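# structure for the following, please:
(chains A and B)
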Amino acid sequence: MANKTALHDLIGIEHHKLNFFQELQQNIKELKGINRESEDQRCEIAAILDGITDVMMVLSEDLKIISVNRIFEQLFPGINPIGKKCYTLFRDSKHPCPECPAFKSLSTNSVCKDSAIFRIDGKNQQFDMVASPLKTPGTEEDRILIFKRDVTMEKEYQAKFYQAEKMATIGVLAAGVAHEINNPMAAVAGFAEGIQRRLARLDKDIPAELAEDLYDYTNTILKECLRCQDIVKTLLSFSRPVASEFIPVDMNQVAEDTLRLLDHQFRRYQQVKLEVKLTSPMQLILGNEAQLKQVILNLLTNAVDAIEHNGRIDIETFIENEHVGVRVSDSGCGIPEDNRDMLFEPFFTTKQVGKGIGIGLSTCFNIVREHNGEIIVDSEVGKGSNFTVLFPLQRD
Amino acid sequence: MQVTKFAIPEVIFGNGSITYLASCAQRLGAKRVLLVSDKGLEKSGWVKIIINLLNAANLDCVYFNGLTANPRACQIQQGAQLYRDHKADVIIGLGGGSPIDASKGIAIIVSNGGEIHDYEGANRISRPLPPMIFIPTTAGSGSDVSQYAIITDKKRKVKMAIISRSLVPNISIIDPDLLVTKPRELILASAVDALAHAIESYVSRLASPFTESQALTAIRLIAGNIKPAANSKDLEALKNLSIASTAAGMSFSNAGLGVGHSLAHSLGGRYDVTHGLTLPILLPSVVRFNKPCAERKMETIARTINESCPAPAKQKKHDLSDILQSMFEELEIPMRLREIVPNNDQMEEICRLAVKDACSVTNPREADCDDLMKICGESW
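Residues are numbered from 1 along each chain as shown, chains lettered A, B, ... in the order given. A predicted model of the protein is given here:
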């Protein structure tokens, strides 16, 4: 005992039966302080999350959405995503996407990346996805954090860049070839014309039969020279700069020019049956001729690849519901349903290595969209595909 | 007159009042109760009854019975550990002074930590204790209403007095029915303890009108009921002893005691003998020692006893020590110290410790070691 107990101590006037009130008050005060701190922290974290410009989702193991950030609400306005399945919202599907990086991330317990095209609000949008496993201590269930970055624009620019580069290369080539071919052609044509002039003067000195043959030959030479010049001209028109102004364009002319370019290919594959049905009279649309030719060229090339040199290709133009339409149909292999969403994705291709890098349809998609048009795909595996491109009619 | 203070718990008194236990505990926020009692009460069936009462109200109950007659520091630690292990929230003490003082000790340790001897003396408890409900089963200790806890420190061989307002329980449920099962010796020992509380606190230097009236009520009731209660277990008499014990408890809790209890604590610490045995032996000598300083009060006590327990005319005595002596002898209580302790070799050491006991502070006459030695000598 430290001090001797005195009477005063025993009375203990200033000592009371301690109760919990003060301690409770103190606890409440401390808890309020702590609560305020954690609320501040929460706000700060929320601000950080809201500052992230990617779509962010926390998913449960079965891909149920647990929480999302503000960007998500911008992507799906007016939809409460909590409790819904990720694939229902993004794919309108009843089953998880097989390539989902979330599963991979969970099973490998590592960060997984992938990219995919989702059709949201009628538009194809491409997203780069990063999935990270969220292991929260104290909870049984694992969660997955997914970031989805909209890279549609980047991919489009990338595709345009590839296309522009390709076209620039073709342009240089075409200009060179045009120059190199036009000169000898001019010479050939000039000499053919020279022969014809001489023939006129020699009319009486040579047998009539020979003269007729020579006329015939030189006419053919001249006609073929003209055809060569036309091909060169068409080639040049393909490689014009992309950013040219929209002018009234005749889609029949576009289709014919493009077919001419592929004429040689069709002639090589005798088994390919090409049917051309161009409606007449055709009305004009506003557009960029070189770009529109690329669209038809791409669709025709794809059709040729789809039938693998044996089958039927139809190209038709039509006017329907204030739209000018071009339809390229083939009797080829068709497109499996799984691939249909990916068709317009840049760099998506089912072709063999060396046959294409997969930017054709995405370029078509961009060009058609710039022309306020649309591409409709109708395909059945084993029976073939129809690609219909619709452009609004030019208003007077 | 000096400023005094009067602190008591909520008291629920009456035959069958034990049935209110569960609702009292629930009002104190109980979900899981630590029940402290002893083997004797287990045998008599009261522990089972209490546990059933609590279970019937969906209260979990953790039972602690690791106690000896005088609770020890190590037992307190065990009880506190049990309280923590089982995440108890309310302490119920059932029994005589030992389980109730042990409950107080456990409450101190669970909320303040450390060792029980850290709190020896007055007002050393700094943090609130868990809610406590006490159910006395003897009419004597008064611990169920007091701010005192007496714990034996085995190492130093002393009984520590811990005094704090915090030790006043939240609720004391006093049900006279619980006294019925006690043997004669225990009823007597408890009643004498209560009488000693009443007498010492009545003459205490801290006595106030609030404590004096309680002390006199206790003296009157004990004098009038001790014989029928002990000899025939008369129910009315037992009930009156319960009231007396509670009144004496209220009195000593607020007025303090005297050297009789100081010596009893010291002897108890050394030889493990109970209050009930040492007090009747010491009390007549203590009264004689204190008489010069509290003559009028002694007379009042003597008169009160005589009025309540009218003795035959030829035995009429007026001196309080004589009255007590004859009263105890008549009840066949051992009256010599030599009958209950093995030897008087260590009497000086025992008295030296008693001088330092907190109870000595309020003794009406200042007593040093020699004075206490004389008292013990007279009682030997």
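# tell me which strands and helices the helix or strand harbouring A:Arg198 is in contact with?
Under DSSP states H and E, the secondary-structure element containing A:Arg198 is helix A:152-201. Packing partners of helix A:152-201 (3 or more Cβ pairs under 8 Å, 6 or more residues apart in numbering or on different chains; DSSP states H and E): strand A:123-134, helix A:208-238, helix A:360-370. Where C-beta positions appear, they are placed from N, C-alpha and C, glycine not excepted.
# of all these, which lies closest to A:Thr88?
strand A:123-134 (16.3 Å; Cβ to Cβ).
# what's the following helix or strand after that closest one?
Under the assignment DSSP H and E, the closest C-terminal helix or strand after strand A:123-134 is strand A:143-150.
# before we move on, the earlier item: compute the inter-axis angle for the helix holding A:Arg198 and helix A:208-238.
Calculated by axes from the mean of the first three to the mean of the last three Cα atoms, to 10 degrees, helix A:152-201 forms an angle of 160 degrees with helix A:208-238.
# ok so, going back, mean neighbour count for the helices and strands packed on helix A:152-201 - can I get that in TSV?
Output for these, formatted as TSV (neighbours: other Cβ atoms under 10 Å in any protein chain shown):
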stretch	mean neighbour count
strand A:123-134	18
helix A:208-238	14
helix A:360-370	21
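# quick one, what contacts B:Leu59?
B:22, B:25-26, B:30-33 (Cβ atoms under 8 Å, 6 or more residues apart in numbering or on different chains).
# mind listing the strands for the stretch 101-250 of chain B?
Secondary structure of the stretch 101-250 of chain B, counting by DSSP state E, counting those that start in this stretch: strands at B:121-122, B:132-136, B:148-153, B:158-163, B:171-174.
# so which of those gets nearest A:Asn366?
Of the strands of the stretch 101-250 of chain B, nearest to A:Asn366 by Cβ to Cβ is strand B:132-136, at 81.9 Å.
# which helices and strands does the closest one pack with?
Under the contact definition 3+ Cβ pairs under 8 Å, 6+ apart, strand B:132-136 sits against helix B:21-27, strand B:90-95, helix B:97-112, strand B:171-174, helix B:235-255.
# most packed of the strands of the stretch 101-250 of chain B?
strand B:132-136 (a mean of 28; mean count of other Cβ atoms under 10 Å in any protein chain shown).
# residues in contact with it?
With Cβ under 8 Å, 6+ apart as the criterion, strand B:132-136 contacts B:9, B:18, B:21, B:24-25, B:28, B:50, B:90-96, B:100, B:103-104, B:107, B:143-144, B:169-175, B:178, B:242, B:245-246.
# point out where the stretch 251-380 of chain B drops to low pLDDT.
Along the stretch 251-380 of chain B, the model assigns pLDDT under 70 to residues B:310-316.
# how about the residues of it near chain A?
Within the stretch 251-380 of chain B, the positions adjacent to chain A are B:256, B:356, B:358, B:361-362 by Cβ under 8 Å from any Cβ of the partner chain.
# in helices only, show me the residues you listed.
B:Lys356 (DSSP state H).
# which one of the residues of the stretch 251-380 of chain B next to chain A is nearest to B:Tyr119?
Top of the list for closeness to B:Tyr119, among those and by Cβ to Cβ, is B:Ala358 at 11.9 Å.
# want to throw the strands of the stretch 101-250 of chain B into JSON lines with mean pLDDT?
Listed next are the strands of the stretch 101-250 of chain B as JSON lines, based on pLDDT from 0 to 100:
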{"stretch": "strand B:121-122", "mean pLDDT": "86"}
{"stretch": "strand B:132-136", "mean pLDDT": "95"}
{"stretch": "strand B:148-153", "mean pLDDT": "89"}
{"stretch": "strand B:158-163", "mean pLDDT": "87"}
{"stretch": "strand B:171-174", "mean pLDDT": "94"}
